[in-house]
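>>> this one's sequence-less:
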């Protein structure tokens, strides 16, 4: 076995420098969904390229149909080879006024319990997590002169935009991506002291609905009571999406959804996963969604529908007596088991269209969808990773399902025929996609140590 | 009778100069609902003060709790005295991208029929209309050296913000507002060739509803299916506001609403007021609102409810998998007959609150409300004005109800015990409150001539 202790000691000793490197990465506003930030996305790719080249990786930037990917190789013949996937792009920052400090000026802060936290957009999702793996590689190379197994890093720049362009790039570059297993660091721990390996992911279907009634904005005094209001139309559609039991009311929506096996439900009952613990920290008490289901079912093994945004009419300060000409909403579905995002797109569009008055119109935009994913429990790498994590954290890693989607995991299976181990060090209170996103310094530090242990263990196979 | 022909001739001759004066007024971005434009509101008041002082009015700017009012006097002992009311403030301009030219850079354009139109925010509502009266006064003073009757002008700056501060100011300054009748130029013609005197106005109640669920924005992958979504909550409230027959579903909402008398309905049936004519020009075909009512009833004698704006979650380009912490909507009601805005406020807030989940919260803001207004048909001034309008336009003026609210008319009755004649030269396609607002040059020109005739006729009493 490669000498692990010097590597772990180096990670501890070099933590301040590692943090400086992460801060430099976090200062780049690489928002992938807004075309205005395309140049910054490229900056982030170039920053990574420079960093990985300096570590000795054979590194290149490759173009896709949206933002470039960074590909870095360090082969080790005769040893297992891992493909690490992450993303350098980040979510938009609005509402900006709710950030305590500017989102791209990373800082360390202390929470009420005295934990140090890295605060910045992307601190947790996914720059901080990506850098746990990069820093583990750095420590090995610094101490041992080489990695314990072969490593390829594939870091993309459009994950927050549905990984646009990535599946096509992967399909065209299979030869560059040969590996025994894929590793992803974009998920969460079970809790701050218990690591987790995610073995299932919900799928996603995301739509935008724009309803147009009159061909202009109208005065509600003149036209109120006679002209159709697109916000009414849109609100009615949204209200109709759920029945009174919190179930999604689209015809056939639950086709392909399987009941969670009794033994898994039994296991979940033992987890003490309460509304108080899960919803309390975000200021809520009662689970929404399907009535009569366990909370953990609702977020892991049941599908869901959410409106992610809505806008129409006058939204400034004070009053304006206007009937808007148009209104729009973004609606998304989390999918499980065999739910088919393409079938859902047809059902959803029909559901919307039959609620549009005959003299109004609607435009339904369908963004990229992805099916849910379940990973096999009998992967040998799963046991190896579990063991390495238990050594670092002192408790066994929990295997869980995740509510969110990482569509590329399905593409890796389909295009590369490789399974993926999802091991992340985020926490549920990281505020990813929200103002004041943070990543615990402990997540960053022990996450790096965890990867060092996992890489060493893979090298021993 | 004062010599009217020279006055009318002067109005014709001076039209280009009058237009220049109006353009100068229109260039001032006096948006009253946005505090950032408070200085511009004051600029507009000062522009009017200068203009009216130059005409010989004894003019002063008076402070209110919001924007200042302009008060101008030209007494004429022994003659009737009119109080003219208008407003110098304008609506916000968003969505700015739908304006063909900047809203505060007035221009003349030609429509498809070759009519000249003044295009700018406020061209019709209400700067253009205010200036028809001012220009009529100007022509009299220029040709005759004096006005045919006593005139006071009261031009306020917060009409588009519910006339905030004005009733209090009127109550405190009754002595400055003595008059036989109030004149308002803030309404529309029956059609481009038929003038109208508005004898009833719907009331208004305007609310903002802000729903808060989680105390932050959430990732819809982690929390979707378990965390309450404020856009769902708000959409359900909005959907519940109407029943399937298009009636407002608030308990007791129709209390105080009287059926339109059969003879009036009969008169309306003769007006050829069709959906094709009223809704066709704005791109619609089918009247919304209460089923089984005539279109003219819906907009003149029936109450209505509209959502004037809604916002929540991610509204930028592309996708963001977020569950918003909060969402808000602006909801208003048009009132008729004896509907009480204060009672409605209580009913509406209760209706909203009973639809808020127990772990979420709501803030209901109630903006100024006003009751509906009906003016007596036996005012002698009504006949005088009708006669003067018939001379100018060659057809009798129609007396109509208006769908919109001008709350101050009720205050003039209550505080000054004076009736109001609502005579305006706007057209239904003026796009007031909308992008590319316009005022026909013909409205401006013949509106000015109409006021000259009305003032002359009042002077003969």
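Here it is on my side, so go on. None of these values were measured; they are calculated from a predicted model.
>>> of all of the stretch 151-300 of chain A, which residue lies closest to chain B?
The stretch 151-300 of chain A approaches chain B most closely through residue A:221 (2.3 Å), counting by C-beta to the nearest C-beta. All C-beta spots, glycine's among them, are computed from the backbone N, C-alpha and C.
>>> Is that residue in a helix, a strand, or coil?
Assigned with DSSP: H, G, I helix; E, B strand; the rest coil, residue A:221 falls in the helix class.
>>> Surely it touches residue A:321?
Yes - in this structure, residue A:221 is within contact of residue A:321 by C-beta atoms under 8 Å, at 5.7 Å.
>>> Overlap of the contact sets of these two?
In terms of C-beta atoms under 8 Å, 6 or more residues apart in numbering or on different chains, residue A:221 and residue A:321 are both contacted by the residues B:204, B:404, B:405.
>>> quick revisit: burial count for the residue of the stretch 151-300 of chain A closest to chain B?
Residue A:221 has 25 neighbours, counted by other C-beta atoms under 10 Å in any protein chain shown.
>>> Now do the contacts for it.
Taking C-beta under 8 Å, 6+ apart, one finds A:321, B:202, B:204, B:334, B:402, B:403, B:404, B:405 in contact with residue A:221.
>>> what about the third one, helix or strand, and which?
Read it as residue B:204. Using DSSP states H and E, residue B:204 maps to strand B:203-212.
>>> Could you check that strand against chain A for contacts?
Yes - remark: strand B:203-212 sits within contact range of chain A at B:204, B:206, by C-beta under 8 Å from any C-beta of the partner chain.
>>> Can you name every helix or strand that that strand contacts?
Packed against strand B:203-212, as judged by 3 or more C-beta pairs under 8 Å, 6 or more residues apart in numbering or on different chains; DSSP states H and E, are the following elements: helix B:230-240, strand B:326-335, helix B:341-353, strand B:361-366.
>>> outside of the first one, which residues touch it?
Identification of contacts with helix B:230-240 by C-beta under 8 Å, 6+ apart yields A:231-232, A:234-236, A:238-242, A:288, A:306-307, A:309-310, A:329, B:209, B:211-213, B:249, B:307, B:310, B:312-313, B:324-329, B:331, B:351-352, B:355-357, B:360.
>>> ok, now the shortest one?
With C-beta under 8 Å, 6+ apart as the contact definition, strand B:361-366 has outside contacts at B:205-212, B:345, B:348-349, B:352-353, B:356.
>>> neighbours of the closest residue to residue A:221 other than its chain neighbours, just the number please.
Spatial nearest neighbour of residue A:221, chain neighbours left out: residue B:404 (2.3 Å); criterion: C-beta to C-beta, 6 or more residues apart in numbering or on different chains. With neighbours defined by other C-beta under 10 Å, the count for residue B:404 comes to 23.
>>> ok, residue B:404 - contacts?
With the criterion set at C-beta under 8 Å, 6+ apart, residue B:404 makes contact with A:219, A:220, A:221, A:222, A:321, B:187, B:201, B:202, B:334.
>>> so it, which of the three states?
Assignment for residue B:404 (three-state DSSP): coil.
>>> how about the residues of the stretch 101-250 of chain A that lie near chain B?
Applying C-beta under 8 Å from any C-beta, we find that the stretch 101-250 of chain A lies next to chain B at A:160-162, A:188, A:202, A:204, A:206, A:213-229, A:231-232, A:234-236, A:238-242.
>>> and those, which are buried?
A:160-162, A:188, A:202, A:204, A:206, A:213-214, A:216-229, A:231-232, A:234-236, A:238-242 (16 or more other C-beta atoms under 10 Å in any protein chain shown).
>>> hang on, the earlier thing: just the contacts of residue B:404 now: which is nearest residue B:63?
Residue B:63 lies nearest to residue A:321 out of those, by C-beta to C-beta, at 25.9 Å.
>>> In this structure residue A:303 contacts residue B:225, no?
Yes - here residue A:303 reaches residue B:225: they are 7.4 Å apart, a contact under C-beta under 8 Å.
>>> what's the overlap in contacts for the two?
residue A:334.
>>> Now do the helices in chain A.
Counting by DSSP state H, the segments of chain A that form helices are A:4-13, A:15-26, A:38-54, A:127-144, A:166-172, A:220-223, A:230-240, A:262-269, A:275-279, A:295-300, A:341-353, A:380-393, A:408-416, A:441-459.
>>> Out of these, which is closest to residue B:138?
helix A:220-223 (30.1 Å).
>>> can you give me the offset of that closest one from its chain's centre?
Here the centre of helix A:220-223 is set off from its chain's centre by 45 Å, with C-alpha atoms, centre = their mean, to the nearest Å.
>>> buried residues in the helix or strand bottoming out on mean pLDDT in chain A?
The weakest-scoring helix or strand in chain A, judged by mean pLDDT, DSSP states H and E, is strand A:398-402 (a mean of 76). Judged by neighbour count using 16+ other C-beta under 10 Å, the buried positions of strand A:398-402 are A:398, A:399, A:400, A:401, A:402.
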